[in-house]
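need a structure here:
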Amino acid sequence: MNKLANFLYNKSDLITTVTNMKKEKLISKGIDNNRIKYISNGFDKSFLDNSIDKKIVHKYKLKDKYVIYSLGRLVKRKNFSQVIKAIDDFDENFKSKIVYVISGSGQEEDNLKKLAQNTNVNCIFTGRVDEKEKWSWFNICDIFIMPSKSIKGDFEGFGIVFLEANLCKKPVLGGLSGGISDAVIANETGFLVNPDDYTDISKKIARLLNDDNLRKNLGEKAYLRAKNDFNWNKQAKLFFKIINNK
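Residues are numbered from 1 along each chain as shown. Just a heads-up that it's a prediction; the model follows:
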């Protein structure tokens, strides 16, 4: 911790964290456990919109395809290259049924495009998307995946996108790193994967795509959890309760 952060942590009456991982990290630095409270992120579901779903399906010829979706900055930590390698691990027949859609921009974009081309994985790079298109992709996809990993202390703090996908009743695959395990409940809302092992990612993808009932059941559980546990109204009430010692 830098000097300013250390000063603030030690002088604060209350510290809130958005992940249990961050809470444990502060405790390991000597911060009193009693002064640290975990309050998760929330999200606003008012943007939910499916008005352009059919247009997107037609535009990208997605009918009768399995759609795997990723959303985020195109940087190494997001680890989207492992998804491309995982899809390439399938036999040609199964691979031909999959479309991998990546939304976002960043320094890894050219490398990801080259990898997709070299492996002959059907990848669609949408660039940055607005709220309407983002929610359409969540609606359209069969699986959302972000196998993030930690790189030199840079890690995924939480991953609100997992909950957004859950709100659209989609199971998710997340990398076992950072605070993702607070956003993804293994075997209940999706799967946690080894971000450094594309074969593990490949197996989890295959398990979901080959079992319609599993995808549906995980998606339903994920939806209920996202709706009930991660809305801003609930988080605000929890915060008010904590600061008033009630």
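
quick one: residues contacting the residue nearest in space to the middle of the chain.
With distances taken as C-alpha atoms, centre = their mean, the chain has F162 as the residue nearest its mean C-alpha position (3.6 Å). By C-beta atoms under 8 Å, 6 or more residues apart in numbering, the contact list for F162 reads F144, M146, V172, G174, I180, A183, V184, T189, G190. (Each C-beta comes from the backbone N, C-alpha and C, glycine too.)

and the furthest pair within those residues?
Farthest pair in those (C-beta to C-beta) is M146 and T189. Separation: 13.4 Å.

what domains does the record give for this protein?
1-39, 46-219 (automatic domain parsing).

quick one, which of those gets closest to N244.
Using C-beta to C-beta, the nearest of the domains of the chain to N244 is domain 1-39, at 10.9 Å.

next, the buried residues of that closest one.
Across domain 1-39, burial judged by 16 or more other C-beta atoms under 10 Å covers 9, 15-19, 21-23, 26, 31, 36-38.

wait, is K61 part of a helix?
No. Counting by DSSP: H, G, I helix; E, B strand; the rest coil, one finds K61 to be coil, located in no helix.

what about it, distance to N122?
10 Å (C-beta to C-beta, to the nearest Å).

quick one: which of the two has more around it?
Neighbours per residue, other C-beta atoms under 10 Å: of K61 and N122, the larger number sits with N122, 16 against 11.

ok, longest helix in this structure?
Identified as the longest helix of the chain according to DSSP state H is helix 212-229.

which residues do M146 and T189 both contact?
When contacts are counted by C-beta under 8 Å, 6+ apart, the set common to M146 and T189 consists of F162, V172.

still on that earlier bit, ranking the domains of the chain by mean pLDDT, which is last?
The stretch with the lowest average pLDDT out of the domains of the chain is domain 1-39, scoring a mean of 75.

report the buried residues of stretch 78-93.
78-90.

report the distance from it to the chain centre.
Counting by C-alpha atoms, centre = their mean, to the nearest Å, stretch 78-93 is centred 17 Å from the centre of its parent chain.

and if you look at stretch 228-237?
19 Å.

just stretch 55-74 next, same as before
16 Å.

for that stretch, which positions count as buried?
Counting neighbours by 16+ other C-beta under 10 Å, stretch 55-74 gives 56-57, 60, 62, 65-72, 74 as buried.

okay, it in PDB with CA atoms only?
Provided in PDB are the C-alpha atoms of stretch 55-74 (Å, rounded to 0.1, in the frame of the first residue of the first chain):
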ATOM      1  CA  LYS A  55     -31.300  -7.200 -36.500                       C
ATOM      2  CA  ILE A  56     -28.000  -8.400 -35.000                       C
ATOM      3  CA  VAL A  57     -28.800 -12.100 -35.500                       C
ATOM      4  CA  HIS A  58     -29.600 -11.400 -39.200                       C
ATOM      5  CA  LYS A  59     -26.600  -9.000 -39.700                       C
ATOM      6  CA  TYR A  60     -24.000 -11.500 -38.400                       C
ATOM      7  CA  LYS A  61     -25.800 -14.700 -39.600                       C
ATOM      8  CA  LEU A  62     -26.100 -16.100 -36.100                       C
ATOM      9  CA  LYS A  63     -29.100 -18.300 -36.700                       C
ATOM     10  CA  ASP A  64     -28.500 -21.900 -35.600                       C
ATOM     11  CA  LYS A  65     -25.100 -21.000 -34.200                       C
ATOM     12  CA  TYR A  66     -23.700 -21.200 -30.600                       C
ATOM     13  CA  VAL A  67     -22.800 -17.700 -29.600                       C
ATOM     14  CA  ILE A  68     -20.100 -17.100 -27.000                       C
ATOM     15  CA  TYR A  69     -19.700 -13.500 -25.900                       C
ATOM     16  CA  SER A  70     -17.000 -11.500 -24.200                       C
ATOM     17  CA  LEU A  71     -17.100  -7.800 -23.300                       C
ATOM     18  CA  GLY A  72     -14.200  -5.800 -22.000                       C
ATOM     19  CA  ARG A  73     -11.000  -3.900 -22.700                       C
ATOM     20  CA  LEU A  74      -8.800  -5.800 -25.100                       C
END
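
right, I'll leave it there.
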